[in-house]
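Undergrad: Okay, predicted coordinates and the sequence, questions at the end:
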Amino acid sequence: MGLRDLTRQAVEAAITEFDSLGRSTFLKRYGFGEAKTFYIKWNDNLYDSKAIAGAAHGKLPGQLPLRSDEFSGGENTVKRALENLGFIVVDERSASARNPTWARDELILALDLYVQFKGNPPGKGSSEIVELSTLLNKMGSQFAGVTREFRNANGVYMKIMNFRRFDPAYSAQGKVGLQRGGKDEEFVWNQFAQHPVELHAAAKAIRSHIGGGSAPSIDEESDIAEAPEGRLLTRQHQIRERSRAIIEAKKRKVLQLRGKLTCEACGFDFEEHYGERGRGFIEVHHVKPVHTLTTGSKTNLEDLSLLCSNCHRMIHVRSPWLTVAQIAGMYKRQ
């Protein structure tokens, strides 16, 4: 027997084992190296085609897995055999082979669904999974310029199931969740899984900004780290900090009360140090939690703090962002 005897069921069984073990363990178990060119594309994930084919042979009744040196992994062998079974085999050298990596915004929406169903999400064809798939595709079109469907229902379901590998309630049953996934999945789990109210608020805020037109036009700042709530709400935070009307209103109010504009963290006064050139200059920081920035929510003057450029950058330089009080405390200790 050989590649021509493979069945779709056997290949799917190998893919399931790949997900359960993780890529490195799976490849080591069957003695294969990482694929250089051809990958099976299944539920938005890529799988080493030759290793999957070799392992799948061992899933056939009475057969053993094929070793790497027992068959060729090229276009006319493994690729053709898998495509004949209805699988999509992609050339990793093609720019279109891999879908964009899941962003934190998307993972927050996925985790919110996982938590709502207490680790037992509904099936791939459920209205909840289909709705999330539709929303993520709309989000991709609006904010990433992706015009094709790239988060189908199967892929969304599998991504949600990936959270099981971090869930102690699942591992307590002696089970192991799907191991294939990115580092941001663990980040989002650690950040939000134990804080379902904040998680749901962040998901609600993200949803409120999808479908409202094109992506906000704003220059990305290299020294501002992405907020834990993701790129979309980070942009909304920046937009509110740059609203000229609210900034000038905040400055006028502070001048009326204090007579000068000083940094609320370190006390720096631009006019005092730079004279006329520094008069009226100060940066504004939006202190309201990022996950509360839903469409239509208003920015009040109490939501803003005046900061010098240094303190403002130190708040945003890495995730998680710090509060004004934390930055003030760091400055005083120095």
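TA: Received it, and whenever you're ready, just let me know what you need.

Undergrad: what number of residues lie near F117?
TA: When neighbours are counted by other CB atoms under 10 Å, F117 registers 13. Using the backbone N, CA and C atoms, a C-beta is placed for each residue, glycine as well.

Undergrad: how about it, what does it touch?
TA: F117 sits next to no residue when contact means CB atoms under 8 Å, 6 or more residues apart in numbering.

Undergrad: got a list of what G280 touches?
TA: Contacts of G280 by CB under 8 Å, 6+ apart are 251, 261, 271.

Undergrad: can you give me the strands in this structure?
TA: 38-42, 45-48, 88-91, 283-286, 304-307 (DSSP state E).

Undergrad: on that earlier part again, just the buried subset of the contacts of G280, please.
TA: 251, 261, 271 (16 or more other CB atoms under 10 Å).

Undergrad: so L113 makes contact with E128?
TA: Yes. Here L113 reaches E128: they are 6.3 Å apart, a contact under CB atoms under 8 Å.

Undergrad: any idea where the helices of the stretch 101-250 of the chain begin and end?
TA: 104-116, 127-143, 153-161, 168-171, 183-192, 196-208, 231-241, 244-258 (DSSP state H, counting those that start in this stretch).

Undergrad: and the ones you listed, which one is worst for confidence?
TA: Lowest mean pLDDT within those: helix 168-171, a mean of 80.

Undergrad: out of the buried ones among the contacts of G280, which one sits closest to I282?
TA: Of all the buried ones among the contacts of G280, I282 sits closest to L261, with 4.4 Å by CB to CB.

Undergrad: The residue nearest to that closest one when sequence neighbours are not counted and K298: what is the separation?
TA: Using CB to CB, 6 or more residues apart in numbering and skipping the chain neighbours, the partner closest in space to L261 is I282 (4.4 Å). For I282, the distance to K298 (CB to CB, to the nearest Å) stands at 22 Å.

Undergrad: ok, residues contacting the helix or strand of the chain with the lowest mean pLDDT?
TA: Of all helical and strand segments in the chain, the minimum by mean pLDDT, DSSP states H and E falls on helix 168-171, at a mean of 80. With CB under 8 Å, 6+ apart as the test, helix 168-171 has contacts from 118-119, 164-165, 177.

Undergrad: what about L132, neighbour count?
TA: 24.

Undergrad: can I assume it is in contact with K159?
TA: No. When contacts are counted by CB under 8 Å, L132 is not listed as touching K159 (9.7 Å).

Undergrad: in the protein, which ranges drop under the pLDDT threshold?
TA: Flagging of the chain using pLDDT under 70 yields the residue ranges 1, 44, 92-99, 142-149, 172-182, 212-223, 334.

Undergrad: Recalculate using a threshold of 50.
TA: Scanning the chain for pLDDT under 50 picks out 95-97, 213-219, 221.

Undergrad: Let's see stretch 317-329 as PDB, backbone CA atoms only.
TA: Extracted C-alpha coordinates of stretch 317-329, given in PDB (Å, rounded to 0.1, in the frame of the first residue of the first chain):
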ATOM      1  CA  VAL A 317       5.700  52.400  25.800                       C
ATOM      2  CA  ARG A 318       4.800  48.800  26.500                       C
ATOM      3  CA  SER A 319       1.800  46.700  27.400                       C
ATOM      4  CA  PRO A 320       0.100  46.800  29.900                       C
ATOM      5  CA  TRP A 321      -0.200  50.600  29.900                       C
ATOM      6  CA  LEU A 322       0.300  52.300  33.200                       C
ATOM      7  CA  THR A 323      -1.900  54.800  35.000                       C
ATOM      8  CA  VAL A 324      -0.900  58.400  35.700                       C
ATOM      9  CA  ALA A 325      -0.600  57.600  39.400                       C
ATOM     10  CA  GLN A 326       1.800  54.700  38.600                       C
ATOM     11  CA  ILE A 327       4.000  56.900  36.400                       C
ATOM     12  CA  ALA A 328       4.000  59.700  39.100                       C
ATOM     13  CA  GLY A 329       5.100  57.100  41.700                       C
END
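
Undergrad: Go ahead and name everything in contact with it.
TA: Contact with stretch 317-329 is made by 223-228, 264-266, 285, 287, 290, 305, 307, 311, 314-315, 330, as judged by CB under 8 Å, 6+ apart.

Undergrad: one step back: closest one of the contacts of G280 to S141?
TA: K251 (38.4 Å).

Undergrad: out of everything not next to it in sequence, what's closest to A203?
TA: By the measure of CB to CB, 6+ apart, the closest residue to A203 outside its immediate chain neighbours is D112, 3.8 Å from it.

Undergrad: Pull the number of nearby residues for the one you found.
TA: 23.

Undergrad: same deal with T7?
TA: Neighbours of T7 using other CB under 10 Å come to 13.

Undergrad: what about stretch 120-136, start to end distance?
TA: End-to-end distance of stretch 120-136 (CA to CA, to the nearest Å): 20 Å.

Undergrad: Over to stretch 184-204?
TA: OK, stretch 184-204 end separation, CA to CA: 20 Å.

Undergrad: Which positions within that stretch qualify as buried?
TA: Using 16+ other CB under 10 Å as the test for burial, stretch 184-204 gives 184-185, 188-189, 191-193, 198-203.

Undergrad: ok, these vs L85, which is closest?
TA: Nearest to L85 among those, with distances taken as CB to CB, is E185, at 29.6 Å.
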